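# sequence first, predicted model second:
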Number of protein chains: 2
Amino acid sequence: MIHIYTGNGKGKTTAALGLIIRALGNGKRVCLIQFMKKNFVYGEIKFLENQPGIDIFQFGTNQLIDPNNPDEIDFKEAELGYKKAEEVLKLNKYDLVVIDEINVAVKWKLLPLEKQLELMDTKTDAEVVMTGRCSHQKVIKKADLVTEMKEVKHYFNNGAQAREGVEF
Amino acid sequence: MIHIYTGNGKGKTTAALGLIIRALGNGKRVCLIQFMKKNFVYGEIKFLENQPGIDIFQFGTNQLIDPNNPDEIDFKEAELGYKKAEEVLKLNKYDLVVIDEINVAVKWKLLPLEKQLELMDTKTDAEVVMTGRCSHQKVIKKADLVTEMKEVKHYFNNGAQAREGVEF
């Protein structure tokens, strides 16, 4: 099955992380592929990287991307992320494959929509989870499960800043 | 800050679980309190129960509750869950306190709404996360962050069954 977690609310990547520990707890093999997140020090990566049963691959740089003017390297890294996702799905050795922020990579045109759709068409026994706001309608149409995380209220709107252990 | 993850879509409890591992990865102390989930064999519990830095308390029975006709024990367990949550928040020794499915316990009248609101008013330094569909409007009003997990599409609607490692 293919899950999509999208929308403008908090909880998309964390929902995928929750699925990861649920899967690991049941002895399943997990692969986490992240777009646009390389070298950031995320609590979840510090926690997961030493757990048995999971392989993690990050693509991107440690710089924030300007969606209106991405660097050459951002396109390159997105292509590498796609290649890895394709390889992993075809390898078919994982029970759960999370492709984090791919929706945004496509929205920002770092990756062509067609490549995301190709990944969704890849024959695999894995549960596949794709996250990121602004999921394309064609992706939603093709998916088996779609949850829109809708922001009803967020403390960022009251001036609060991202905090270690909560937002990263 | 108080987060609410509500709505009819998949991803509420898993989003809370993701926050838990993000917090653990940053060396924070975590408490997970679950309503209506005792003795179910959830992958996430199997995974988390042996991790350092987290305490888990479950309340409920291993029977599904009939929302229109709960048993005496269901009310008792909800009251015990509330007491534990109150104690934990007042103790103030955790950085993150997740109170899973409390919204549903209130919706099903196992727990009076006032008690959930009291928990939200408890002075604590912890980040507090409450989950469950059908969050009460007064709870939403009082919270700092609210995400509605909105079901756009779910394979259950095509006859698929809950699967180990994905739904539990």
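Arrived safely, thanks for sending.

# what bridges to the residue nearest the centre of chain A?
In chain A, the centroid-proximal residue (CA atoms, centre = their mean) is A:D100; its distance is 0.5 Å. A:D100 has these beta-bridge partners by DSSP bridges: A:Q34.

# quick check: it vs chain B, distance?
Noted for A:D100: a distance of 11 Å to chain B, by CB to the nearest CB, to the nearest Å. In short, each C-beta sits where N, CA and C put it, glycine included.

# in stretch A:121-141, which residues are buried?
Buried residues in stretch A:121-141, defined by neighbour count with 16 or more other CB atoms under 10 Å in any protein chain shown: A:T124, A:A126, A:E127, A:V128, A:V129, A:M130, A:T131, A:G132, A:R133, A:S135, A:H136, A:V139.

# helix or strand for the last one, which one?
Right, A:V139. Assigned by DSSP states H and E, A:V139 belongs to helix A:137-142.

# so is that helix next to chain B?
Yes: contact of helix A:137-142 with chain B (CB under 8 Å from any CB of the partner chain) involves A:I140.

# which helices and strands does the helix or strand following that helix pack with?
Moving toward the C-terminus from helix A:137-142, the next helix or strand (DSSP H and E) is strand A:145-153. When contacts are defined as 3 or more CB pairs under 8 Å, 6 or more residues apart in numbering or on different chains; DSSP states H and E, strand A:145-153 packs onto strand A:2-6, helix A:12-25, strand B:145-153.

# pull up the pairing partners for strand A:145-153, direction included.
Neighbouring strands of strand A:145-153 in its sheet, by DSSP bridges, are strand A:2-6 (parallel), strand B:145-153 (antiparallel).

# the residue nearest to the centre of chain A touches A:V128, doesn't it?
No: here A:D100 does not reach A:V128: they are 11.8 Å apart, not a contact under CB atoms under 8 Å.

# can you give me the mean pLDDT across the longest helix along chain A?
Determined from DSSP state H, the single longest helix within chain A is helix A:72-91. Across helix A:72-91, the average pLDDT comes to 97.

# which residues are contacting that helix?
Residues outside helix A:72-91 that contact it (CB atoms under 8 Å, 6 or more residues apart in numbering or on different chains) are A:31, A:33-36, A:38, A:57, A:59-61, A:65, A:94, A:97, A:99, A:102, A:105, A:110-111, A:115, A:118-119, A:122-124, A:126, A:128.

# stretch A:155-163 too?
Residues from elsewhere that reach stretch A:155-163, judged by CB under 8 Å, 6+ apart: A:F168, B:M1, B:D144, B:L145.

# at 6 Å instead, please
Stretch A:155-163 has contacts (CB atoms under 6 Å, 6 or more residues apart in numbering or on different chains) with B:M1, B:D144, B:L145.

# start and end of it, how far apart?
Stretch A:155-163 has an end-to-end distance of 11 Å (CA to CA, to the nearest Å).

# buried sites along that stretch?
Residues A:Y155 are the ones in stretch A:155-163 that count as buried (16+ other CB under 10 Å).

# same question for that stretch, mean pLDDT?
Mean pLDDT, stretch A:155-163: 90.

# drop anything exposed from the contacts of stretch A:155-163.
If you count burial by 16+ other CB under 10 Å, the buried members of the contacts of stretch A:155-163 come out as B:D144, B:L145.

# out of the contacts of stretch A:155-163, which is nearest to chain A?
B:D144 (4.5 Å; CB to the nearest CB).

# which of the contacts of helix A:72-91 fall within strands?
In strands, judged by DSSP state E, the following of the contacts of helix A:72-91 are found: A:C31, A:I33, A:Q34, A:F57, A:V97, A:I99, A:V128.

# from those, which single one is nearest chain B?
Closest approach between those and chain B, by CB to the nearest CB: A:V128, at 11.2 Å.

# what score does the closest one have for pLDDT?
Per-residue confidence (pLDDT) for A:V128: 98.

# same question, A:L64
For A:L64, the pLDDT comes out at 87.

# any regions of chain A where pLDDT drops low?
Residue ranges of chain A with pLDDT under 70: none are present.

# now do the buried residues in the longest helix of chain A.
Neighbour-count burial for helix A:72-91 flags A:D74, A:E77, A:A78, A:E79, A:G81, A:Y82, A:K84, A:A85, A:V88, A:L89 (criterion: 16+ other CB under 10 Å).

# which one of these sits closest to A:G25?
Closest to A:G25 out of the buried residues of helix A:72-91 is A:V88 (21.2 Å), distances taken as CB to CB.

# and the closest one, how far from A:Y5?
Distance check for A:V88 against A:Y5: by CB to CB, to the nearest Å, it reads 19 Å.
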